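Participant: Structure of the sequence below:
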Amino acid sequence: MKQRLLITGLTVTVFVAGYSAGLWTERTRPLPPPPAPLMGEFAVKQTPAGKTPTSPPARSPINRAQLATEIERLRPQIDGYRQRLEALDGEFDRALLAHLTPEQVATYTAAQKRRAERSAKGAAQSAAKLDPLTDEEIEQLRQRSLYGVLWMIAPTMKLDSLIKDLKLTEAQQAKTRELLSERREKFLAIVDSTPPPSIMLSRLAPAAQRLAPPPVKK
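Facilitator: Residues are numbered from 1 along each chain as shown. Here you go, the predicted model:
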């Protein structure tokens, strides 16, 4: 199990580095140094005495036309991936509800309804927008896809949330942990059969109409 999760994590990491460099950016200079350590962006960096602080080099612009073409080419796979995740979440919800009290069921279903409404509202607002995405927004949508993967393969995060919100008993916690482990295994099977680009583009695809180049600043 640990070896499989390690392989999955390394696969995602390597793909992010390689795919981003090869598809989404146009390199006009040597490759940058390796990524900073985890949370390194929050570290306070000291400037050696006698030297003037320098700003990091600007990131190359994203090749939006190539990115849009890739999304359209992979859209059937992207849609299939999202549908399989929705089915997996529905299966988990039904199994979980069978082990909750009526009060817990009411709390959970109300929270799920609010989450679905927020998601639908956000999707509708994004679809209605015509202004181009900024490079930062594109990067955020890509990162959200990775966070979704982490949420599925690290069940402790979901378990802690459910324990807090539903006040699960020890027996319920044990059963929920079992259900989350089963969901993780099924998710890994989905990942094994889904090309990495389809996973990385799953959050960006619904906003593909906003991949036009941003207006030139004067």
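
Participant: Now do the lengthiest helix in the chain: distance to the chain's middle.
Facilitator: Using DSSP state H to define each element, the chain has its longest helix at helix 64-97. Chain-centre distance of helix 64-97: 12 Å, with C-alpha atoms, centre = their mean, to the nearest Å.

Participant: Would you point out the helix or strand in this structure whose mean pLDDT is lowest?
Facilitator: Between all helices and strands in the chain, the lowest mean by mean pLDDT, DSSP states H and E belongs to helix 2-19, at a mean of 46.

Participant: Which residue, other than its chain neighbours, is closest to the residue positioned nearest the centre of the chain?
Facilitator: When C-alpha atoms, centre = their mean is applied to the chain, the residue found nearest the centroid is Ser145 (2.0 Å). Distances taken as C-beta to C-beta, 6 or more residues apart in numbering put Arg203 closest to Ser145, at 4.7 Å, once the chain neighbours are dropped. The C-beta positions use only the backbone N, C-alpha and C, and glycine is treated the same way.

Participant: next one: Val105
Facilitator: Counting by C-beta to C-beta, 6+ apart, Leu97 is the residue found nearest to Val105 once chain neighbours are left out, at 5.5 Å.

Participant: The one you found: neighbouring residues, count only.
Facilitator: Look at Leu97: counted by other C-beta atoms under 10 Å, it has 13 neighbours.

Participant: ranges for the helices of the protein?
Facilitator: Taking DSSP H, the helices of the chain run over residues 2-19, 64-97, 102-128, 135-153, 155-166, 170-192, 196-200.

Participant: which regions of the chain lie under the pLDDT threshold?
Facilitator: Along the chain, segments meeting pLDDT under 70 span 1-59, 214-218.
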